[in-house]
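1. my questions concern the predicted model and sequence given below.
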Amino acid sequence: MQNQNLSLINKIIDSDIFFSFKKSPTAIISSLILLIIFFCSFFVEIIAPYNPFDPSSLSLMDAFTPPSWSEGGTRNFLLGTDGQGRDMLSTILYGSRISLIVGFSAILFSLILGVTLGLTAGYFGGRYEMFVMRITDVQLTIPSILMALLVDGIARGIISRELHDQMAIYVLIFAIGISEWPQFARVSRAATLVEKNKDYVSASTIIGVSNLMIMVRHILPNILRPILVIGTIGLALAIIAESTLSFLGVGVPPTTPSLGTLIRIGNDFLFSGEWWITFFPAIFLVLLAFSINLLGDWMRDTLNPKLK
């Protein structure tokens, strides 16, 4: 077992992808930034100096404390505090975890839905393919944010306000995911149309392999490269979409704030001198999305066989 693990590690180190990664400062820096953000976000209980959701640790006397390097700041609050006396650094780390969970879950949902529809449409063809592609074309004409707002509005009309607040994260994941799947469907269908005409698929069909096994075990692994690239870039778009919806007040409730909610709350104090309340969450969101996009661009260039 240990020899197999060492062999796998050696294969990864000797691969073209790892060689390209070592030669790309952009990929290394963006990966390092994302690794730090992910680690701090998911181990926030250990890393954050305060728990902003523990009322016993808050004091209104600390409200609107500026950053530590500004006049009136204190070393106890490195990035200052908000109107409730919550430490901004801790609040950003807790909020980023919500944004990352929603972004990852939404893009995973849209990936599964889009790849399933695109793979089956490209493989079976006919009226089913035409039906799926027409739905995809129609949805692509609707901006993702408007689609997410529509889904959230329908959810608010169907379920009660109390239940919506309890299920806000799940509604948000579904709203963002259902608006992003057409990209995966189109790419999966196009790649499947190329793969299904190759000899290995014909050979599998002749020996009696089922359609499901052909799609899952033979075609799907060969179309994963463009899907992974779109998924990486789509993750940044999903996080931005979540922040936009939360900024508009239709995302997660204020009791579990994400980065978008923090920016919306800080926006009320932007012109009254407390600039840090909205500035630092906004900078953190830009850094997160920019790093993901840079890593996605590197993956696109590395995994594109036409560029080799």
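-> Thanks, I have it.
2. for residue 42, see how far away the nearest residue to residue 235 once chain neighbours are set aside is.
-> Counting by C-beta to C-beta, 6 or more residues apart in numbering, residue 235 lies nearest to residue 107, which is 5.0 Å off, once chain neighbours are set aside. In this view, the C-beta of every residue, glycine as well, is placed from N, C-alpha and C. In this structure, residue 107 lies at 17 Å from residue 42, with C-beta to C-beta, to the nearest Å as the measure.
3. who's more crowded, those two?
-> Each of residue 107 and residue 42 has its neighbours counted (other C-beta atoms under 10 Å); residue 107 has more, 27 against 15.
4. now the more buried one: which helix or strand?
-> helix 88-124 (DSSP states H and E).
5. also residue 157?
-> Per DSSP H and E: helix 144-158 holds residue 157.
6. toward the C-terminus from that helix, list the very next helix or strand.
-> helix 161-166.
7. just the buried residues of that following helix, please?
-> Neighbour counts over helix 161-166 (16 or more other C-beta atoms under 10 Å) mark residue 164 as buried.
8. how far does that helix sit from the chain's center?
-> With C-alpha atoms, centre = their mean, to the nearest Å as the basis, helix 161-166 stands 24 Å off its chain's centre.
9. please apply the same query to stretch 53-60.
-> 30 Å.
10. contact partners of that stretch?
-> 50, 51, 52, 84, 85, 86, 94, 255 (C-beta atoms under 8 Å, 6 or more residues apart in numbering).
11. gap between the two ends of it?
-> 14 Å (C-alpha to C-alpha, to the nearest Å).
12. buried residues in that stretch?
-> residue 58.
13. ok, now stretch 243-260?
-> Judged by neighbour count (16+ other C-beta under 10 Å), stretch 243-260 contains these buried residues: 243-247, 250-252, 256-260.
14. report the two of these separated the most.
-> The most widely separated members of the buried residues of stretch 243-260, counting by C-beta to C-beta, are 244 and 256 (17.1 Å).
15. ok, for residue 61, nearest residue in space, not its chain neighbours?
-> In space, residue 61 is closest to residue 85, 7.0 Å off (C-beta to C-beta, 6+ apart).
16. next, that neighbour: secondary structure please.
-> coil (DSSP: H, G, I helix; E, B strand; the rest coil).
17. taking the buried residues of stretch 243-260 one by one, which sit in strands?
-> Judged by DSSP state E, the subset of these located in strands is empty.
18. can you add pLDDT and distance to residue 234 and give those residues back as CSV?
-> Putting the buried residues of stretch 243-260 into CSV (pLDDT from 0 to 100; distance: C-beta to C-beta, whole Å) gives the following:
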residue, pLDDT, distance to residue 234
243, 89, 15
244, 88, 15
245, 87, 16
246, 85, 18
247, 85, 20
250, 81, 21
251, 76, 18
252, 78, 20
256, 74, 23
257, 76, 24
258, 84, 18
259, 87, 18
260, 86, 17
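19. now, which of these sits nearest residue 116?
-> Scanning these for proximity to residue 116, where the rule is C-beta to C-beta, the winner is residue 245, at 25.2 Å.
20. can you pull the contacts of that closest one?
-> Taking C-beta under 8 Å, 6+ apart as the test, what residue 245 contacts is 145, 148, 149, 152, 172, 175, 176, 251, 260.
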